[in-house]
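Student: Provided below are the primary sequence and the corresponding predicted coordinates.
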Amino acid sequence: MTASDLNSARGYSFPELDFLREQAPAYDAARQRLLSFVYTPTTSTLAIKDREMIASAILAVRAFPSIESHLRRALREGATIRELIEAMGVAALPGGGPTQAFAMGYLSKIAAEQGLVADPENETQGGAPEQLDAERGYDFEVFDWMRGYTPDYDDARRAFLGFLYTPVDPVLPVKLREIITAAVLAFRGYPTIDIHLRRALAEGATMLELIEAMQVAAVPGGSPTLHFALTHLKRIADEDAAA
């Protein structure tokens, strides 16, 4: 696939890369071919809109302006403003508050430009805080220890997590919430990725979907993102094979 074909298929391009194409055409051809597997696959278990949401999550963490092109394509591929708002909210937990603020700046601009509205009455509601650990299937001892010192803070934290990981009738599926979280954690090289990958599988994701998701995350996040994730995915696959 040529650069022109790729840009046409995904509906955006980055003019700053024209210089690279002129100076290293063979290298750029190889780069474009790799990108085609990520952003314009001919066969895929992971939807294009989900791929663009994952890329947007990493770009929001990195505060990189090309997020706008990916958010716009996610919308063209069938994502809703509500889904994108929820996706960036999920990304903000492992990515930090500035992640969400950065993404909302672009989303609000796009929504105003296109006349898109996310009806507050259709907002996904959070699950009961006391059911959080049971529903998501994991907990962290360090937070139980912290609760002994700051129980009121922990109550607020758990109520907030209910919106992200144990929502009631979510617009954004739980498996995609866990995939986005895992992608950000892979970028950050943080070991709790393991439990999020496992829950994504429990919520209906396939191993191939998770591999494809981490391949997407590796484009804005770098090759170590994929390497880190694959280490955990292979361990899970090996455990399943042994069982």
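Tutor: Happy to help now that I have it. Remember, predicted model here, so these are calculated numbers, not experimental data. Numbering: from 1, shown residues only.

Student: what residues does the strand or helix carrying Met53 touch?
Tutor: Met53 is part of helix 48-62, with elements assigned from DSSP states H and E. With contact meaning C-beta atoms under 8 Å, 6 or more residues apart in numbering, helix 48-62 is reached by 38-39, 44, 66-67, 70-71, 73-74, 77-79, 83-84, 87-88, 90-92, 95-96, 99-100, 102-103, 176, 179-180, 183-184, 187-188, 212-213, 216-217, 219-221, 225. For the C-beta atoms, the positions are set from N, CA and C on the backbone; glycine is no exception.

Student: Near Glu22, how many other residues are there?
Tutor: 9 (other C-beta atoms under 10 Å).

Student: what's the answer for the one 3 residues further on, then?
Tutor: Other residues near Pro25 number 11, with proximity taken as other C-beta under 10 Å.

Student: For it, give me phi and psi.
Tutor: When read as degrees, to the nearest 10, the backbone of Pro25 gives phi -60, psi -40.

Student: Got the confidence number for it?
Tutor: With respect to pLDDT, Pro25 has a value of 94.

Student: again with Val117
Tutor: Reported pLDDT for Val117: 84.

Student: Ok, Met1 next?
Tutor: Looking at Met1, the pLDDT reads 67.

Student: one step back: among the contacts of helix 48-62, name the buried ones.
Tutor: Neighbour counting by 16 or more other C-beta atoms under 10 Å classes 38-39, 67, 70-71, 73-74, 77, 79, 83-84, 87-88, 90-92, 95, 99-100, 102-103, 176, 179-180, 183-184, 187-188, 212-213, 216-217, 219-221, 225 among the contacts of helix 48-62 as buried.

Student: which SSE is Gln32 in?
Tutor: helix 25-39.

Student: which intervals of this structure have sub-threshold pLDDT?
Tutor: 1 (pLDDT under 70).

Student: tell me the helices in it, going along the chain?
Tutor: Taking DSSP state H to define them, one finds helices in the chain at 3-10, 18-23, 25-39, 48-62, 67-76, 81-95, 97-114, 132-136, 141-147, 151-165, 174-188, 193-202, 207-221, 223-242.

Student: Quick check: buried residues in the first one?
Tutor: The neighbour-count criterion (16+ other C-beta under 10 Å) identifies 3, 6-7, 10 as the buried residues of helix 3-10.

Student: Could you do the longest one as well?
Tutor: Judged by neighbour count (16+ other C-beta under 10 Å), helix 223-242 contains these buried residues: 225-226, 228-230, 232-233.

Student: With distance to Leu107 added, can I get the residues you listed in CSV?
Tutor: Rendered in CSV, the data for the buried residues of helix 223-242 read as follows (distance: C-beta to C-beta, whole Å):
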residue, distance to Leu107
Thr225, 23
Leu226, 27
Phe228, 28
Ala229, 26
Leu230, 31
His232, 30
Leu233, 30
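
Student: Could you single out the nearest of these to Leu161?
Tutor: Nearest to Leu161, judged by C-beta to C-beta, of these is His232 at 21.5 Å.

Student: Tell me which of the helices of the chain approaches Gln125 most closely.
Tutor: Of the helices of the chain, nearest to Gln125 by C-beta to C-beta is helix 151-165, at 7.5 Å.

Student: Could you list the residues in contact with the closest one?
Tutor: 89-90, 93, 124-132, 135-136, 143, 146-147, 174, 177-178.

Student: Report the buried residues of it.
Tutor: 154, 157-158, 161-165.

Student: If we only consider those residues, which is nearest to Ala242?
Tutor: Nearest to Ala242 among the buried residues of helix 151-165, with distances taken as C-beta to C-beta, is Tyr165, at 28.4 Å.
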